[in-house]
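>>> this one's structure only:
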């Protein structure tokens, strides 16, 4: 944030993460950037961001998709944690469970069916949201900036799905600060 002097979205996976980042950044801004967090509708925050010379906007799910800030106004998107689906979502859990049951009925053992359901639902949901989040930065051919993914599960090969996550964004990958 200091290097970019603001111009950033921090796309949080939960309200708890967003609140923690807001509290931490409040004392670090030192006049280089102004931090605001989503606390309801986005319209007034997006208007503020478009006019703020050094704005940093923290948000959750609705900031990950459908927001268009052209040019260098948005030059940094930070994704602190991959947006895995909420396991307490009853609709998501029911769909995933039904898929696993169908796999078992077709002869797949229960553990393999659960893994397939995770790959078919959880991983696909993460990839879709991850693409949406990274896509906030690159909306036009002339847009440029950095998508900083801080979640170690997307780096190296810490998880079997790490390369799949990294491959979801078409941007050039670097670990060079």
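Ah, there it is. Please read these numbers as outputs of a predicted model, since none were measured by experiment.

>>> isn't residue 46 right up against residue 73?
No - using Cβ atoms under 8 Å, residue 46 is not in contact with residue 73, being 10.6 Å away. (Each C-beta comes from the backbone N, C-alpha and C, glycine too.)

>>> which residue packs closest to residue 149, ignoring adjacent ones?
residue 79 (4.9 Å; Cβ to Cβ, 6 or more residues apart in numbering).

>>> How much space separates the one you found from residue 108?
33 Å (Cβ to Cβ, to the nearest Å).

>>> between the two, which one's more packed in?
residue 79 (24 against 16; other Cβ atoms under 10 Å).

>>> Just confirm residue 34 contacts residue 6, I think it does.
Yes - using Cβ under 8 Å, residue 34 is in contact with residue 6, at 6.9 Å.

>>> who touches both of those two?
Shared contacts of residue 34 and residue 6 (Cβ atoms under 8 Å, 6 or more residues apart in numbering): 52, 54, 55, 56.

>>> Identify the residues contacting the first one.
So the one you mean is residue 52. Residue 52 touches 6, 34, counting by Cβ under 8 Å, 6+ apart.

>>> Distance-wise, check it relative to residue 112.
For residue 52, the distance to residue 112 - Cβ to Cβ - is 51 Å.

>>> Longest helix in the protein, please.
Ranked by number of residues, the top helix in the chain under DSSP state H is helix 90-105.

>>> Average pLDDT for it, rounded please.
Taken as a whole, helix 90-105 has an average pLDDT of 90.

>>> Show me what counts as buried in it.
96, 99, 100, 103 (16 or more other Cβ atoms under 10 Å).

>>> gap between the helix or strand just after it and the chain center?
Counting by DSSP states H and E, the next helix or strand C-terminal to helix 90-105 is helix 110-117. Helix 110-117 sits 26 Å away from the centroid of its parent chain (Cα atoms, centre = their mean, to the nearest Å).

>>> Could you point out the helix or strand that follows helix 110-117?
helix 124-134.

>>> Check which helices and strands the next helix or strand after that following helix sits against.
Later in the chain than helix 124-134, the nearest helix or strand by DSSP H and E is strand 146-149. Packing contacts for strand 146-149, counted by 3 or more Cβ pairs under 8 Å, 6 or more residues apart in numbering; DSSP states H and E, involve strand 76-79.

>>> Mind checking the pLDDT average for the strand it packs on?
Strand 76-79 carries an average pLDDT of 94.

>>> and it, what does it pack onto?
Taking 3+ Cβ pairs under 8 Å, 6+ apart as the contact cut, strand 76-79 packs with strand 8-11, helix 124-134, strand 146-149.
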